[in-house]
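In: with the sequence up front, the predicted model follows.
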Amino acid sequence: MKKMFVKISALSITLVVAASCSKTGPTGPSGATGATGPILTGNMQGTVALYDVSGAKQLSPTLLGGDTVVLTNSSNGTTWKTVTNASGDYLFSNITSGTYSTTVTKPLYGKVVTQGIQFVGGGNSDRNYALSVVPTTSVSSLVIDDSTFTTNGAGNVAQNYVKIRGNVPVSAGETTVIIFVSMPGANSTSSTVGNYSSTYTTTIAPGVNKFTIEIPNANLYDLGFISGNMAYFAAYIIGGTTSASSYVDWTTGQTVYTALSSTPVNTSIQVQ
């Protein structure tokens, strides 16, 4: 019997394998998570917590109800409005997939704004917020001086720092003061975003009316100040829970504080 041999080249094998592995089907994103995915509906819900000026959580149903929550579709500007119930809860039902923003307000309280909320739909999205009552009192006085102290560490190095001392009305609860520091080169400061470079806070015990905040000059150098620059400071009383009634401004990346006393007290000093 005559034997026969067939020679198959490596190229032939490669072509066969390549042909058998060819990919068919759609290209690019597809399906529920892709660009052509379906529009789904769902609920956006949550709770708005309230805090008094000393930072204590408020539980009275007469206070918790009536907060205004506004939901805005970022694509077409459509808005919906609701109010919280006696438990502080709110609900937006049958919301479609998309990007949204919310604004939460209450008379005599600060506000919270949230942007860029990605709502997928197909279920519930829980988002909780916190508001602080706006203080009705203000810092009554503010003085500042530049001081030197010697550390207890190795070398006993002398360091400069700015000492800010002030007074507030005596309160039965804790009082929180926030100090806004100017931008280097500016000739004033305030709580407005883009108009301050940093903040410092201190909490004053009940029945006490004096406070002191010490800021190392090295901190001012880190902010961009140099020796001889003028640094400006603005002092406010703020709701005791500083994370309530505050949100991040997308343009500057700074925090907006909305539960502040109406009038600040200002002071300034030349950086040493």
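Out: Arrived safely, thanks for sending. Residues are numbered from 1 along each chain as shown.
In: gap between the two ends of stretch 95-115?
Out: Using CA to CA, to the nearest Å, one end of stretch 95-115 lies 16 Å from the other.
In: tell me where the model's unsure across the stretch 151-272 of the chain.
Out: Scanning the stretch 151-272 of the chain for pLDDT under 70 picks out 151-157.
In: can you rerun that using 50?
Out: The stretch 151-272 of the chain contains no residues with pLDDT under 50.
In: where along the stretch 101-250 of the chain do the strands fall?
Out: 112-119, 124-126, 129-132, 141-150, 158-167, 175-181, 198-204, 210-216, 230-238, 246-248 (DSSP state E, counting those that start in this stretch).
In: so what strands line up beside the fifth one?
Out: Each strand that strand 158-167 pairs with, and the sense of that pairing, follows from DSSP bridges: strand 141-150 (antiparallel), strand 210-216 (antiparallel).
In: export those strands to TSV and tack on mean neighbour count and distance to Ala56?
Out: All C-beta atoms are positioned from the backbone trio N, CA, C, and that covers glycine. Shown next, in TSV, are the strands paired with strand 158-167 (neighbours: other CB atoms under 10 Å; distance: least, CB to CB, whole Å):
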stretch	mean neighbour count	distance to Ala56
strand 141-150	13	26
strand 210-216	15	20
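In: relative to Asn85, which of the ones you listed is closest?
Out: Closest to Asn85 of those, according to CB to CB: strand 210-216, at 38.8 Å.
In: now that closest one: how far from the chain's centre is it?
Out: 25 Å (CA atoms, centre = their mean, to the nearest Å).
In: what's the answer for stretch 88-95, then?
Out: Mean-position distance between stretch 88-95 and its chain equals 23 Å (CA atoms, centre = their mean).
In: over to stretch 139-151?
Out: Taking mean C-alpha positions (CA atoms, centre = their mean), stretch 139-151 and its chain are 29 Å apart.
In: just to revisit the earlier point, and the strands paired with strand 158-167 as TSV, adding distance to Thr68?
Out: Output for these, formatted as TSV (distance: least, CB to CB, whole Å):
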stretch	distance to Thr68
strand 141-150	35
strand 210-216	34
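In: who wins for proximity to Ser93 among the ones you listed?
Out: Ranked by CB to CB, the member of those that lies closest to Ser93 is strand 210-216, at 47.2 Å.
In: angle of the closest one against strand 230-238?
Out: Angle of strand 210-216 versus strand 230-238, following axes from the mean of the first three to the mean of the last three CA atoms, to 10 degrees, is 140 degrees.
In: who's the spatially closest residue to Ile213 that is not a sequence neighbour bridged to?
Out: Counting by CB to CB, 6 or more residues apart in numbering, Ile213 lies nearest to Ile164, which is 4.6 Å off, once chain neighbours are set aside. Counting by DSSP bridges, Ile164 is bridged to Ile144, Ile213.
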